[in-house]
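Student: Here is a sequence with its predicted model. Questions after.
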Amino acid sequence: MPQIPNDEDLFLLLYAELREIADRLLRRESPGHTLQPTALVHEAWFKLAGDAAPNAVDQAHFLALAARAMRQVLVDHARRRRTAKRGGAMPELTIADDRLGLAIPLDDLLALDDALTRLGEHETRLARVVELRFFAGLSEEEVATTLGLTTRTVQRDWVKARAWLHAQLDESGAN
């Protein structure tokens, strides 16, 4: 019987991919930003390692867990920046994702997180699709495999979720 790798083994195996995902998320930042891709990966790992959650069952599951941890790290970072900003000017930091069709200033990440949380309250699957596509950088096929769906269902969910998030962010003035 093959042994399932533990989270630390998966982290080491997928480190380069996680680093690439973090780099993509932070690609369009302004000079003087305070969060580097490597730091994002490491903070996400600390969050994962400290959680009492069960070990990942495979690489796709680990990437899903890492995506959620990166989202939490980015939101925490945005909250700290917003608090620190009150004491003086802070450089802008943007997270970008061509697939989502948004370039979001990190301060507006809080609005995205709120919208994604609201989406998850009504459409859990749509929120998971966004989390895996946006924060983990998974392809539609990888998301389908991870969630046990067809690729066509993921494509429909992705279109629906993007439209809903765009409407929410337009309404809040974050987009």
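Tutor: That came through fine.
Student: buried ones in stretch 133-149?
Tutor: Neighbour counts over stretch 133-149 (16 or more other Cβ atoms under 10 Å) mark 133-138, 140, 142-144, 146-147, 149 as buried. Every C-beta, even on glycine, is put in place using the N, C-alpha and C of the backbone.
Student: same check, this time on stretch 117-125
Tutor: By neighbour count on 16+ other Cβ under 10 Å, the buried set for stretch 117-125 is 119, 123, 125.
Student: tell me the mean pLDDT for that stretch?
Tutor: For stretch 117-125, mean pLDDT rounds to 95.
Student: so where do the helices sit in the chain?
Tutor: With helices called from DSSP state H, the chain shows them at 7-25, 37-50, 59-85, 106-122, 124-130, 140-147, 151-172.
Student: Need the winner for burial among those helices.
Tutor: helix 124-130 (a mean of 21; mean count of other Cβ atoms under 10 Å).
Student: pull the helix or strand with minimum mean pLDDT from this protein.
Tutor: Lowest on mean pLDDT, DSSP states H and E among the helices and strands of the chain sits strand 94-97, with a mean of 47.
Student: contacting residues around Asp113?
Tutor: Contacts for Asp113 (Cβ atoms under 8 Å, 6 or more residues apart in numbering) come out as 71, 75, 78.
Student: With adjacent residues omitted, what lies nearest to the spatially most central residue of the chain?
Tutor: Nearest to the mean C-alpha position of the chain, by Cα atoms, centre = their mean, lies Phe135 at 2.3 Å. Spatial nearest neighbour of Phe135, chain neighbours left out: Ala67 (3.8 Å); criterion: Cβ to Cβ, 6 or more residues apart in numbering.
Student: and if you look at Glu20?
Tutor: Gly137 (7.4 Å).
Student: Just confirm that neighbour contacts Ile21, I think it does.
Tutor: Yes: the pair Gly137 / Ile21 is scored as a contact, 4.3 Å apart, by Cβ atoms under 8 Å.
Student: and for those two, which residues touch both?
Tutor: Ala67.
Student: which regions of this protein sit below the pLDDT cut-off?
Tutor: The chain contains residues with pLDDT under 70 at 1-7, 28-33, 51-54, 84-107, 173-175.
Student: change it to 50
Tutor: Where the chain drops to pLDDT under 50, the residues are 1-4, 87-98, 101.
Student: for stretch 147-157, the distance to its chain's centre please.
Tutor: Mean-position distance between stretch 147-157 and its chain equals 19 Å (Cα atoms, centre = their mean, to the nearest Å).
Student: What of stretch 109-128?
Tutor: Using Cα atoms, centre = their mean, the offset of stretch 109-128 from its chain centre is 12 Å.
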